[in-house]
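1. show me the folded form of this:
(one chain, ligands or ions: 2)
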Amino acid sequence: MLEIDIARKIYPDRGGRSHVALQDLHLTAQPGEFVCLVGPSGCGKSTLLNLVVGLDADMDGRVTLEGRTPGKGIGVMFQEPRLMPWLSVLENVLLVTADPQRERERAIELLQAMELGDVLHAYPGRLSGGMQRRVALARAFVIEPALLLMDEPFVSLDAPTADRLRAMLVGLWQRRRSTVVFVTHDLREAIALADRVCFLSAAPGRVVLEVPVSLPRPRAPNDAAVLALRERLLAQHPDLLAGLTTQEPEIDA
Ligand code: ADP
Ligand code: MG
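-> Ligands and ions are numbered 1, 2, ... in the order given. This is a model prediction of the structure:
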């Protein structure tokens, strides 16, 4: 189980004032659970993921995975694909593996499954944005992560490309059963992907509402059932997307 318990995360002062980014933020995820985090811009979503990955350790709080500090078995995917432009597609994916020689075949199979078999040796600069995201997705999954953290990974893609990537993500997740924490500001995307949607408040960020989603899969952001749930949530909590919800009821979806 992933357990996040952050009493306070402060960015110390830069020319005058410090900023309390997160406060009293508690979040858990069961093994294999797909959790989406939704919150307004600047509420601390990226801050939270950086703390969970361990890129930032400066906080008053604790993050554990199966009782321990999360170690190497974390896959991450950011808003930009962050590929090394001087390495080929295959080399980019192998870069994160412990033993590139031994994992080469598996990496190739994974890239083929993601319809990148024809560009294994191409450089990222030659690929479309959608293909670059697929490479980043393969790189996140190649280590078979216990925990996968995703920070708005599909923004600025056209809708069909984003739909296809979401379907690939869900396919990989269903096979590997990684625990996923996926950040988005798009509530339809969150409902389409998640087992549970967690809403964050405006800064300082904390979880103000958790909504389990039990709609059958596959789901897409424009499915009638997804849109209906979104409307229902916004009707019950008109300020939800601004991070202003103060109640914490559990809603059955
Ligand atoms: P989100 O991802 O939800 O949009 P962030 O986690 O990126 O929000 O940022 C939360 C707040 O913390 C913002 O006000 C941002 O300006 C501030 N912040 C983020 N990173 C730093 C940093 N390294 N130093 C100072 N302030 C930061
Ligand atoms: Mg962010």
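2. any regions of the stretch 151-253 of the chain where pLDDT drops low?
-> 246-253 (pLDDT under 70).
3. quick one: contacts for the residue in the stretch 51-200 of the chain that ligand 2 sits nearest to?
-> Nearest residue of the stretch 51-200 of the chain to ligand 2 (CB to the ion) works out as residue 151 at 5.9 Å. (Each C-beta comes from the backbone N, C-alpha and C, glycine too.) Counting by CB atoms under 8 Å, 6 or more residues apart in numbering, residue 151 touches 45-46, 49, 76-79, 183.
4. neighbour count, distance to ligand 1 and secondary structure for the residues you listed - can I get that in TSV?
-> Below are those laid out as TSV (neighbours: other CB atoms under 10 Å; distance: CB to the nearest ligand atom, whole Å; DSSP: H, G, I helix; E, B strand; the rest coil):
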residue	neighbour count	distance to ligand 1	secondary structure
45	23	3	helix
46	17	3	helix
49	21	8	helix
76	21	14	strand
77	22	14	strand
78	16	11	coil
79	15	9	coil
183	22	7	strand
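5. phi, psi of the residue of the stretch 51-200 of the chain closest to ligand 2?
-> phi -110, psi 90 (degrees, to the nearest 10).
6. who's it bridged to?
-> residue 183 (DSSP bridges).
7. residue numbering should commence at 20 henceforth.
-> Sure, I'll start numbering at 20, so the last one becomes residue 170.
8. and the nearest residue in space to residue 47 that is not next to it in sequence, how many neighbours does it have?
-> Nearest non-adjacent residue to residue 47, counting by CB to CB, 6 or more residues apart in numbering: residue 22, 5.1 Å away. The burial count assigned to residue 22 is 14, neighbours taken as other CB atoms under 10 Å.
9. could you do residue 177 as well?
-> For residue 177, using other CB under 10 Å, the count is 9.
10. tell me which residues touch it, please.
-> residue 149.
11. next: residue 225.
-> With contacts defined as CB under 8 Å, 6+ apart, the neighbours of residue 225 are 41-45, 219.
12. ok, longest helix in this structure?
-> helix 178-195 (DSSP state H).
13. buried residues in that helix, which are they?
-> 180-185, 187-189, 191-192 (16 or more other CB atoms under 10 Å).
14. distance to ligand 1 added to the residues you listed, as CSV?
-> Below are the buried residues of helix 178-195 laid out as CSV (distance: CB to the nearest ligand atom, whole Å):
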residue, distance to ligand 1
180, 23
181, 19
182, 23
183, 25
184, 20
185, 20
187, 24
188, 20
189, 23
191, 24
192, 22
